[in-house]
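In: coordinates only, no sequence provided:
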């Protein structure tokens, strides 16, 4: 009985906390930034970050292949 009561209170707490989070105003429409209004909102540069992530993924994949290769040689 105590477990059911605790679970019900936790679920009720999450439901009560969630209500104020939903009532936030929506973001401004695109193009409302800047003096002239012709700048696009939400564009972030991804050039070098994308290459860093691709490089790290290649290194990680290469290490996994190398470890598998070394494991097969030991058997």
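Out: Structure's in. What do you need? A quick note: this is a predicted structure, and the numbers were derived from the prediction, not measured.

In: contacts for the helix or strand of the chain with the lowest mean pLDDT next, please.
Out: The least trusted helix or strand in the chain, going by mean pLDDT, DSSP states H and E, turns out to be helix 2-22, with a mean of 80. Residues outside helix 2-22 that contact it (C-beta atoms under 8 Å, 6 or more residues apart in numbering): none are found. Every residue, glycine included, has its C-beta placed from N, CA and C.

In: next SSE downstream of it?
Out: Beyond helix 2-22 in the direction of the C-terminus, DSSP states H and E gives the next helix or strand as helix 47-74.

In: quick one: buried residues of the least confident helix or strand of the chain?
Out: Buried residues in helix 2-22, counting neighbours by 16 or more other C-beta atoms under 10 Å, are absent.

In: check contacts around residue 70.
Out: Contacts of residue 70 (C-beta under 8 Å, 6+ apart): none.

In: give me the pLDDT value at it.
Out: As predicted, residue 70 sits at a pLDDT of 92.

In: ok, now residue 46?
Out: pLDDT, residue 46: 69.

In: before we move on, what about residue 59?
Out: So residue 59 comes in at 96 (pLDDT).

In: and for it, the neighbour number?
Out: 10 (other C-beta atoms under 10 Å).

In: what does the one 5 residues further on give?
Out: A count of nearby residues for residue 64, using other C-beta under 10 Å, gives 10.

In: pLDDT score for it?
Out: 96.

In: noted, bye for now.
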